[in-house]
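J.: Got a predicted structure plus its sequence, pasted below:
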Amino acid sequence: MRFWLALLLVVLPVPAAALQVRVVPAAPRQGDTVLVFVAGASGAQNVEGSLGAQHLAFFPYGTEFAALAGVDLETKPGKVPWRIGLVDRDGVPRKAAGSVTVKPGGFPVERLTLPGGMVNLDPEAERRAANEAARMRALYDTVTPERLWRGPFTQPVASRKPGGGFGSRRIINGQPRMPHSGIDYSADRGTPVVASNRGRVALLGEFFFAGRLVALDHGLGLYTLYFHLDGVAVTEGQMVERGETVGTVGTTGRSTGPHLHFGAQLGRARINPPDLYALPLRD
Ligand SMILES: [Zn+2]
């Protein structure tokens, strides 16, 4: 009897273990970085997926797969679907799907009334700013297929006080302006600005709003941005390590005093950069 039972176990096809997908945090706020882990798919190929409209670029993580996703700071609160697809090691396609519920970021709103001449750009500046914004979008749409970053991200400048201002929005003369998409660190002009993590210098520029800027490509759609720089210490295409100087603090572009505006993008999603300092990943 025992023999037959054992035989039965051997001849029955072993059902593939269910895909286990963890989305951390399960209820992200606007501007949050989300980690998606896929377990039970060791040896799988072509692991891919999406969160809302965002493509998920997975990398092997121990016996699992992981991907970083961004919840853009203006994502409408509510349900955002995700789906995962892969081909397991036996060549069988597998799928999983679910959703996360995005909560409001609770960003401050400031209402100001100012003379029109102070807030409206002249047509030439308007055109220039629009062209520069399009260049940045084209950059964020460029996904380097390998992960260049390793380990924790670091604050890119020593500042007198904690950085702030992410997501804050001004409504000037009744017109909502673009929300502030990075974090501002107050520091003296000339203070070194370092790469938050390993990456490739993807863009150097002199932009109307951002001033002198460095954009680093960390791979898999993740970019960090360093704005209003006084000096730049890198060249386009160069690889930099975490902590390597990329430039110095300045007040170039639209800026009222020396500070570093530090931004982070996952594809087109504008995320709160300090989330990257505390990623729950061992690497
Ligand atoms: Zn700023």
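T.: Here it is on my side, so go on.
J.: Near the ion, which residues of this structure? Just list them.
T.: 184, 261 (CB under 5 Å from the ion). Every residue, glycine included, has its C-beta placed from N, CA and C.
J.: For the residue nearest the centre of the chain, list each beta-bridge partner.
T.: Centroid-nearest residue in the chain, with CA atoms, centre = their mean: residue 266, separated by 3.1 Å. Bridge pairing for residue 266 (DSSP bridges) gives the partners residue 222, residue 269.
J.: Any figure for the gap between it and residue 193?
T.: 21 Å (CB to CB, to the nearest Å).
J.: Check residue 230 too.
T.: 9 Å.
J.: Pull up the overlap in contacts between these two.
T.: Listed contacts common to residue 230 and residue 193 are 247-249; contacts here mean CB atoms under 8 Å, 6 or more residues apart in numbering.
J.: on that earlier part again, for residue 230 and residue 193, indicate the residue with more neighbours.
T.: Shown here are residue 230 and residue 193; by other CB atoms under 10 Å, residue 193 has more neighbours (27 against 17).
J.: For that one, list each beta-bridge partner.
T.: Beta-bridge partners recorded for residue 193 (DSSP bridges): residue 247.
J.: pLDDT at residue 58, what is it?
T.: Looking at residue 58, its pLDDT is 96.
J.: ugh, wrong one, residue 18
T.: For residue 18, pLDDT reads 78.
J.: Could you give the number of residues near it?
T.: 11.
J.: now it: how far from residue 36?
T.: Taking CB to CB, one finds residue 18 at 16 Å from residue 36.
J.: So residue 246 sits against residue 214, correct?
T.: Yes: with contact defined as CB atoms under 8 Å, residue 246 reaches residue 214; the gap is 4.8 Å.
J.: joint contacts of these two?
T.: 193, 201, 226, 232, 234.
J.: ok but the last one is inside a helix, no?
T.: I take that to be residue 234. No: the assignment for residue 234 by DSSP: H, G, I helix; E, B strand; the rest coil gives coil, which leaves it out of any helix.
J.: What separation is there between it and the ion?
T.: Distance, residue 234 to the ion, using CB to the ion, to the nearest Å: 21 Å.
J.: OK, contacts around that residue?
T.: Contacts of residue 234 by CB under 8 Å, 6+ apart are 201, 204, 214, 240, 246-247.
J.: Backbone torsions only: list them for it.
T.: When read as degrees, to the nearest 10, the backbone of residue 234 gives phi -130, psi 170.
J.: Which elements pack onto the helix or strand where residue 171 lies?
T.: In this assignment (DSSP states H and E), residue 171 forms part of strand 169-172. Under the contact criterion of 3 or more CB pairs under 8 Å, 6 or more residues apart in numbering; DSSP states H and E, strand 169-172 touches strand 109-112.
J.: Neighbouring strands - and their directions - for the strand it packs on?
T.: strand 169-172 (parallel).
J.: pLDDT (mean, whole number) over the very next helix or strand once past the strand it pairs with?
T.: Downstream of strand 169-172, the first helix or strand assigned by DSSP H and E is strand 175-176. Strand 175-176 comes out with an average pLDDT of 88.
J.: who's in contact with residue 26?
T.: Contact analysis of residue 26 by CB under 8 Å, 6+ apart lists 100-101.
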